Every structure is written in structure tokens, then in C-alpha cells.
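Asker: from the sequence below, what's the structure:
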Amino acid sequence: MTGPLLLGVRHHGPGSARAVRAALDAADPPAVLVEGPPEGDALLPLAAAEGMRPPVALLVHAANDPGRSAFWPFAAFSPEWVAIRWALARGVPVRFVDLPAAHLLAADEAAGAEVGGGGAHGREAARIDPLRALAHAAGHDDPERWWEDVVEHRGAAGDPLAPFAALGEAMSALREAHGDGGRPRDALREAHMRLSLRAARREFGDAVAVVCGAWHVPALARTVPVGADRALLKGLPRVRTEAGWVPWTHRRLARSSGYGAGVTSPGWYGHLFTAPDRPVERWMTRVAGLLREEGRTVSPAEVIEAVRLADALAAVRGRPLAGLGETTDAVRAVMCDGSDLPLRLVADRLVVGDVLGEVPEDAPAVPLQRDLTRLQRRLRLRPEAAGRTLELDLRRDNDAARSRLLHRLRLLGVDWGEPAAGRAGTGTFRETWSVRWRPELSVKVAEAGVWGTTVEEAASARAVASARAAASLHQVAGLVEQCLLGGLADALPVVVSALADRAALDSDVGRLADALPALARSLRYGDVRATDTAALARAATGLAERVCVGLPPACTGLGAEAAAAMRARIDAVHTAVGLLPGEGGTTGRWWTVLRGLAARDTVPGEIRGRAFRLLLDGGHLAEGEAARAMALALSRAAPPAEAAGWIEGFAGGASGGGLLLLHDERLLALVDGWLASVPPDAFTAVLPLLRRTFAAYEAGVRRSLGELVGRGPAAVGRTPGALPPDGFGASTDADRADAVLPVLHLLLGTDRTAAGPAGAGHHEHAEATG
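Answerer: I've put the predicted structure just below:
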């Protein structure tokens, strides 16, 4: 063979990977050139390191702006990765030959484009899909199925170089017909590849091997004057870059993730590449194991039957071997009883998969990433691509440290964990997190590196800078909470000082009320985390006092939307005041404010009703006062819209108002009587508000209320002197009470004969059990 060995491949194709390995074994080239950014040349030896486990990606970012970045992903079944490992195992020189990322990132900056996550062969949306075009030319409408039949299921027999010659010829025909295929940047990339290939041939001889996307093979085989290539690349903008290896996932190799060079089934392709023999049998075994883990019964006989069915389908469809389509159809029919629901689990966990790669600890990384890796190892908090729920008990040192780490990362914009609702409800000693590591978080860590070299230092610096630049008091209050949750003792005084300064200059009651809940929660967390919060307590108390002074006039003359928003603020402030330390004047002043709001006619009905409800729940209303207040609010003199708003505030579904009406017949009678008296024209206007109020009740509460009202006015106590409805007796029914005694004796293990005659047993039993 004369000239270089051009091995055109499909990125992340296991068939191409096997063919590349066979071709390299046969040709034994003196050097291997791989499609990829030259910035990664110094990192190539790490591909053979013991701690390197694909999938991984080569990350290159602008040194002064880590957010401007690009990835070059590699899986174990990627042909480029196989070529790199082949060369390193034999001591053969290996290099990247694509256009430097310094030019790509500079060009994207100049164009104002967003960079990241695609790699040189994935960021551009190709208007011509070579794989689809070849499949169409061969008479197939499914390019993935055609590729499986032609390449993935091809045996190892025959000339190992023949497939590359055939694919190169096909690509030459495509490029003659379609030109650049809608990818004008390829001209620059291919010019640099040709220059790198010429330099390698001068250094190592003509027999060097090039592993690249099959689309580029015709351009590399074509003879182009050196001057033309250099002229094309002359004057390209560039930026200073940094590079490193980062873990990747099979899910991010999937085309559905938006990766342009992705494949539809990375998990399936990984299985085809790693299975030593009988891939269909081994795949069915893995599927059966997954379904059993999820509680489905799958017998060995069903596994055997599924394999037979997949082979039979392949034969009927004229395929050389059963592919993903045949195995999926067989699993659906045999193991899933024809249902697609379990198949979704198989597709998510196995066909795509959540395999997360690993990078050696000594791989180059920003200092912040190294500190994060150290903390992950010390806290035994391993990054995983599969999402999981993490329950933390903050009374344990390790769990408290995990909580601080996750909160600090969230402050830095690295959302490795998201707070989730947990079993502990509102308790402060437990936290529940949903954690899932995504490859793009490596870029977030690199971006956050500008704030410091450790997670704590960076989070503190980011908190201080954010507090000084915050646009609202609410944002500063949120930062106070984040500092306490993250244990940022150095940043907390600065942020609290910024909060006090901002609060002193802010006279808007709405903004003050929005900021108070976060401060109250912060005080609560401070108690749990043993943090000194004296300064914060003073700021929160002062804020609460200002809210108490400014809230009554702020609630006057509000429209419907503004009243609803203010009601939500009142609920939040009410909860916050209950969390403030001590039982001093602030709490008493708040009850006085609520009583004033409830009695002020100029306050919207929704707010007045809510104030009355909070007073009732807090035990600050005398007996019968709630009924009198409701009777006044729902009197004929009150406009229907105001009365409906009062009901919404007092008995809104989210506040348990349905149960209140269900168990207090006086209040239910008042509501029922008011509804019956609303004029028809006004009833149409208030109906949407009423529907919203009652629709929020639980189904059982709505049903019980409906049954009561459906029995007529007497059932809700609206007709004086009427007989009680069914289920509401005038006095105790002794016979019905005695009927439960046999069951009680059975449960308590007592002597049934000692109960005495009917009608007296229930009294004696009550005295005996005290």
C-alpha cells in the first residue's frame, strides 16, 4: 500500500471500532492521527492510565471564559478511542489533527454563538446526513437498521481494509453530489487535517494511519496545494485555551441529548462491543435481570423464548443477525406481556443507560475541581449519572458536611443536588436531596473556579459579590439563607451587613415582607447548625417590626390580583413571625395587626377573611366571634364579590377550610345561606372565585360537604327548630353505642359477660377503662 491509511469511521460505532482495531493490527502503521483538537495531545497518555474509564470527554475551554467550551466525547466503542488505546499500548506516536479549538472558540465568540457540548463533529447541524443518504441509496428507510446490517453485524472474516475502501468510495460519491453537505466550516477543518497529515508523513513516512469521520476521507485523499491550505487558515482568530479530561455518560452520547454526532442507542452499542460472544443471549439476560429488580417475574424459560423469537424475527426480516429492533419486539412480546410501559424502563436503563466514566485523580483540572474531587472522596459522595435520593441527618457530622457541600455548590451554580420533599416534613434536622451528576457540571465547576481554589472559598466570594450586586432585598435575604445552609461563616457577616443596609433604604412593604421568610428560616437553620445568628436575629426582628407598621396601609384599596399577592405575603409573614426567637413584642404586635386588618372595611375581603382565619387558628378569637364575623361579611349589605373574596381568604382549600366548614355547622350554614341569597346576575360574577375556593378541597371533603348541603337547609342548621338530619341525633343512642361492645371486648381481650345488660354496658366499660 502506498500513501496514508485513511480509516473513515462512524463516530461511536462499535462496528467501526472493531474494524479500526483489525485494520491497525494488519497495517501496523508507524503513527496514528485521530480527529480531535491538537490541544489534547499532551493529555493523550492519560487514555492508558489505570484510573481512566470511558465514557470520557476532552474538554477545551477559553482560559479567560470557561463557559465558552467544547467537548470531544469518547466511549469504549468509539473508533477514535480504540485507535488511541492501540497506539499507546504499542508505543506508537498518536496525535490529534483537527482544527485547533482555539480557532473554533474564537470564531464562535466573534459570531456571538453559544459553544459547549458538541465537539468539532457535533456542534454544527449537518444539513446532509451521510448515513441516511447511503441508507436511502441502498433502498432502506431506516439508516440505523441499515448500518447495523452492513457494519455492526459484519463478521471479522475477509480483508480488514476492504470496508474502509468501500465506505471511502461511497463518501466520495456523496460529496461529489452534495458538496460540503451544508457544513462550510469543514473546509477549514480539512485544510488543517491535510497540513497535519503532510507533517506526519515527513516525520514518520507515508504509512501513517488517519482515523476520522468517513465524511472527511475524500477531502484528505484529494491533492491540494500546501499554499492553498495555508492561505485558507491564515489570519484565523484564536483564543488562549485550557484542556482536560472530564467524565461523560452514555446518556449524553445519545442523539436525543442534542449531541450532533450521537447515536440512538449507546447502551446497546456498548453491549455489542464488549460482549465476547452470543450478544443476543447476553442482552436478554441483562433485560431479564433489570425487570426482576423492578418486581416483574421473568423466568429462564422466557429468556430462552425471547432469544428464539428475536432470531426468528431476524430471519423473517432478512437480517444477518437479530438487532435492537428484533430484541425489543421479542422482549415486548415475551417478557412484557405486550406492554410498552416496561419497555420504557429497558430503553432508559439499558438501551441508553447511565454509565458514568472516570478520570484519573492526577489528570489536569482546575484547582476547584481537584478540591471538589477531594471532598467527594472524603464524604463518600460519589458522582453518579443515575439520579438518586439522598437522605441526610444533620446531627451526623458526615451528613452535615455533605449538606454544606451541596448548598455551596448550588450557590456556585453547580446544581449537582436539588432539595426535594422528604419524609421529615418541616423538620430541620433532616434534608432530602435529589442528586445526579451531569457532564456539563464539569464546565460549571471550571466557570466557578474564578471565585476561588476551594469550594468554601469560591462560595464565600460568590456570596459576597452577589450580595453587593443584588437588585432586590429579597435576593440578599436568600443569600443569607444560602450562607447559613452552606456554613459560610466568613461571608455571613458581610451579607447580613448588606441586608441591613438595603433594608434601611427600602420602604416598600411588599419587598420587606418577601425578604422576612428567608431570614426567619435562616435563624431556624442557624439553631440546627450551631451558628451564631445574633446579628441576623436583630435584622430579622427589625424587618418584622417595619412590616407590622407598614402592612395595614399597604393593604388598603387593592385590586383582586394585588389582594391575592398580598394574602400570600401575609401567610408567609405569619409563618416567619412564628419562627422568630422569643415571645416578645413582635409576636403580640403581629396579632394586633391581623385584628386590625380583619376589622378594616377598606381592606379587600380576601385579606380580611384570611386575617380572621389566622386569628381563629391562633386561638385569638372569642367563642362565636368567627361566626359573627362571617355573618357580618356575608350580610346582604356586603357586595357579592367582596363576600366571595372573604370566603376565599377564610376558607381557602389550601388552608384546610373545607374541614373547618365540615365540622362547624354554624359556619357552613352561613356560607350556604349566603349562596342561596346571592342574586342571579351577581352569582355569575362570583362563580369563578367560588369554584377556585371549593375546587381546592380534597375529594372526600367536597363529597361530605355536598352530601350535607344536598339534604336541604336543615342538614346545615339553616332552619331553626328543624329536626336533625340523618346521622345527627338529638341525643345519645344507647343501643347503637352498645353494638360496638363485642368488637371492643375482642380487641381488648376482656370478659364479654361482664359487660352487663344492654343499655348499661357502655357506661360500666367506660368507667373500667378510664
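Asker: do you know how far Leu519 is from Arg546?
Answerer: 12 Å (C-beta to C-beta, to the nearest Å). Backbone N, C-alpha and C define where each C-beta goes, glycine included.
Asker: between the two, which is the more surrounded one?
Answerer: Neighbours per residue, other C-beta atoms under 10 Å: of Leu519 and Arg546, the larger number sits with Leu519, 29 against 18.
Asker: for the nearest residue to the more buried one once chain neighbours are set aside, which residues are in contact?
Answerer: Take Leu519 and drop its neighbours on the chain: the residue closest to it by C-beta to C-beta, 6 or more residues apart in numbering is Ala540, 4.0 Å away. The neighbours of Ala540, taking C-beta atoms under 8 Å, 6 or more residues apart in numbering as the test, are Leu516, Leu519, Ala520, Ser522, Leu523, Ala576, Leu580.
Asker: part of a helix, is Ala540?
Answerer: Yes. Under DSSP: H, G, I helix; E, B strand; the rest coil, Ala540 sits within a helix.
Asker: can you show me the helices along the stretch 351-500 of the chain?
Answerer: 367-378, 397-411, 441-448, 455-469, 473-486, 492-505 (DSSP state H, counting those that start in this stretch).
Asker: I'd like the average pLDDT over the fourth one.
Answerer: Right, the one you point to is helix 455-469. In this model, helix 455-469 carries a mean pLDDT of 92.
Asker: let's number from 10 now, not from 1
Answerer: Sure thing, new numbering starts at 10, so read that last one as helix 464-478.
Asker: got the angle for that helix vs helix 482-495?
Answerer: 170 degrees (axes from the mean of the first three to the mean of the last three C-alpha atoms, to 10 degrees).
Asker: need the residues that contact helix 464-478.
Answerer: 377, 380-381, 384, 414, 417-418, 420-421, 457-458, 460-461, 484-485, 488, 491-492, 495-497, 499-500, 503-504, 507-508.
Asker: of those, grab the buried ones for PyMOL.
Answerer: Applying 16 or more other C-beta atoms under 10 Å to the contacts of helix 464-478, the buried members can be selected in PyMOL as follows:
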select buried, resi 377+380+381+384+414+417+418+420+421+457+458+460+461+484+485+488+491+492+495+496+497+500+503+504+507+508
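Asker: quick one: contacts for Leu669?
Answerer: Leu669 sits in contact with Ala660, Leu676, where contact means C-beta under 8 Å, 6+ apart.
Asker: mind listing what's buried along whatever helix or strand it lives in?
Answerer: Assessed by DSSP states H and E, Leu669 sits inside helix 666-672. The neighbour-count check on helix 666-672 (16+ other C-beta under 10 Å) flags Gly666, Gly667, Leu668, Leu669, Leu670, Leu671 as buried.
Asker: surely the third one is in contact with Val710?
Answerer: Yes. Using C-beta atoms under 8 Å as the test, Leu668 is close enough to Val710 to be in contact (6.2 Å).
Asker: mind listing the strands for the stretch 310-459 of the chain?
Answerer: Assigned by DSSP state E, counting those that start in this stretch, the strands in the stretch 310-459 of the chain fall at 397-402, 426-428, 439-444.
Asker: hmm, back to that, will you turn the contacts of Ala549 into a markdown table that also has distance to Arg609, pLDDT and secondary structure?
Answerer: Formatted as a markdown table, the contacts of Ala549 follow (distance: C-beta to C-beta, whole Å; pLDDT from 0 to 100; DSSP: H, G, I helix; E, B strand; the rest coil):
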| residue | distance to Arg609 | pLDDT | secondary structure |
| --- | --- | --- | --- |
| Leu525 | 22 | 83 | helix |
| Leu528 | 27 | 78 | helix |
| Ala529 | 26 | 80 | helix |
| Ser531 | 32 | 73 | helix |
| Leu532 | 30 | 75 | helix |
| Ala585 | 22 | 84 | helix |
| Leu589 | 25 | 80 | coil |
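Asker: residue boundaries of the strands in the stretch 60-209 of the chain?
Answerer: 65-71, 74-83, 103-105.
Asker: can you show me the CA trace of the second one as PDB?
Answerer: Taking only C-alpha atoms (Å, rounded to 0.1, in the frame of the first residue of the first chain), the coordinates of strand 74-83 have been written out as PDB:
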ATOM      1  CA  ASP A  74     -14.000  32.400  30.000                       C
ATOM      2  CA  PRO A  75     -14.500  28.700  30.900                       C
ATOM      3  CA  GLY A  76     -18.200  28.900  29.900                       C
ATOM      4  CA  ARG A  77     -17.000  29.100  26.300                       C
ATOM      5  CA  SER A  78     -16.100  25.500  25.800                       C
ATOM      6  CA  ALA A  79     -16.400  22.400  23.600                       C
ATOM      7  CA  PHE A  80     -16.400  18.700  24.200                       C
ATOM      8  CA  TRP A  81     -15.000  15.800  22.300                       C
ATOM      9  CA  PRO A  82     -16.600  12.700  23.800                       C
ATOM     10  CA  PHE A  83     -15.200   9.100  23.600                       C
END
